[in-house]
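Visitor: Just the structure for this:
(chains A and B)
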Amino acid sequence: MKRDESAAETAYVTRGEGKVVAAVAVGGGMGAVARYAVSLWWPTAPGGFPWTTLVVNVAGCAAIGVLMVLVTEVRPTHPLVRPFLGTGFLGGFTTFSTYAVDIERLVREGHARTGLAYLALTLIAALAAAWGAMWATRRAAVSVSTGWRA
Amino acid sequence: MNWLLVIVGGMIGAPLRHLTDAALRKRYGTGFPWGILAVNVAGSLILGVLTGAVVAGAASSHVQLFLGTGLCGALTTYSTFSYETLRLAENGSRCHAAANALGSVAAGLGAAFAGMAAAEALWG
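Guide: Predicted coordinates:
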């Protein structure tokens, strides 16, 4: 039973894989350019606290919390919604490499404390944002569905 | 030109992350997000080397926008990393969630430092 299911899933994945990769690519390009636009509009001062990257990452984590609850728990959506918006756009919008290199640069330039604060604050705020967004979306979904029943 | 470099870099980086994640899921299962860990560490290493190259004058700002802002930015992700960490805490175990969070940050940071040191050795 389990093997049949996974075989069916594999066949489905192979058939749709081209479209999925294309959706991820388009979403990724848009997410990356949106992050670039935010960095031009709100540049980080040399040696300063990287607020821009922090806000981009935390906002992206809140958005993925909403999206994942909607597409996996609330209602079935088009199979390309998650690859385009989640893996593509939000994956391209948020970044881990800039976060790591920002910390390295702060430490190298003698701002180890700022680097450490940035390290911890991003991690805590990102997890809290994703968790809070999932919690709020589940709550909203429950109240909407009970509203429908009533 | 700058915008185009970032878009094209992002259009390469994001599917590269997706395909790496899919390949590692197929091999190691879905219990632990090895794919996201791998791309985050690899991207941090590449961006470390690139940043070092830019500091040393060995790479232009166009290369930085294409490979750094575009490709590495889209290859690595904080949103999926956070989501997978919470998914582990909800369905898997809190130990795995903590290991993913702390391991990713430690390995990513180590990769960024190593990349920067490699760039200094090459072009410094």
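Visitor: and the helix or strand containing B:Leu4, which residues are buried?
Guide: Assigned by DSSP states H and E, B:Leu4 falls within helix B:2-28. Of the residues in helix B:2-28, B:5-22, B:24-25 count as buried by neighbour count, 16 or more other C-beta atoms under 10 Å in any protein chain shown. (Glycine included, C-beta is placed from N, CA and C.)
Visitor: What are the boundaries of the helices in the chain?
Guide: Using chain A here. Assigned helices in chain A, in chain order: A:2-41, A:51-69, A:81, A:91-93, A:97-108, A:112-149 (criterion: DSSP state H).
Visitor: wait, chain B
Guide: Under the criterion DSSP H, chain B carries helices at the ranges B:2-28, B:34-55, B:61-63, B:73-75, B:79-91, B:94-123.
Visitor: Is the last one in proximity to chain A?
Guide: So the one you mean is helix B:94-123. Yes. For helix B:94-123, a contact with chain A is found by C-beta under 8 Å from any C-beta of the partner chain, at B:Ala101, B:Ser104, B:Val105, B:Gly108, B:Leu109, B:Ala111, B:Ala112, B:Phe113, B:Gly115, B:Met116.
Visitor: Drop anything exposed from these.
Guide: Neighbour-count burial (16+ other C-beta under 10 Å) is assigned, among the residues of helix B:94-123 next to chain A, to B:Ala101, B:Ser104, B:Val105, B:Gly108, B:Leu109, B:Ala111, B:Ala112, B:Phe113, B:Gly115, B:Met116.
Visitor: From A:Tyr118, how far out is the last one?
Guide: Same thing as B:Met116. 17 Å (C-beta to C-beta, to the nearest Å).
Visitor: now do the third one
Guide: Note on B:Val105: its distance to A:Tyr118, by C-beta to C-beta, is 11 Å.
Visitor: and if you look at the fourth one?
Guide: Here the distance between B:Gly108 and A:Tyr118 works out to 13 Å (C-beta to C-beta).
Visitor: Same question for the fifth one.
Guide: Using C-beta to C-beta, one gets 11 Å for the distance from B:Leu109 to A:Tyr118.
Visitor: Same check on A:Gly31?
Guide: Distance from A:Gly31 to A:Tyr118, counting by C-beta to C-beta: 22 Å.
Visitor: A:Gly132 contacts A:Ala62, correct?
Guide: Yes. The criterion here is C-beta atoms under 8 Å, and A:Gly132 meets it with A:Ala62 at 7.1 Å.
Visitor: okay, those two: which has more neighbours?
Guide: Regarding A:Gly132 and A:Ala62, a neighbour count based on other C-beta atoms under 10 Å in any protein chain shown identifies A:Ala62 as having more, with 24 against 13.
Visitor: Nearest to chain A: which residue in chain B?
Guide: In chain B, the residue found nearest to chain A is B:Ala14; the distance is 2.2 Å by C-beta to the nearest C-beta.
Visitor: burial of the residue of chain A found nearest chain B, as a residue count?
Guide: The nearest approach of chain A to chain B comes at A:Gly28, 2.2 Å away (C-beta to the nearest C-beta). By other C-beta under 10 Å, the residues close to A:Gly28 number 36.
Visitor: check contacts around it.
Guide: Residues counted as contacts of A:Gly28 (C-beta atoms under 8 Å, 6 or more residues apart in numbering or on different chains) are A:Thr87, A:Gly88, A:Phe89, A:Gly91, A:Gly92, B:Gly10, B:Met11, B:Gly13, B:Ala14, B:Pro15, B:Arg17, B:Ala74.
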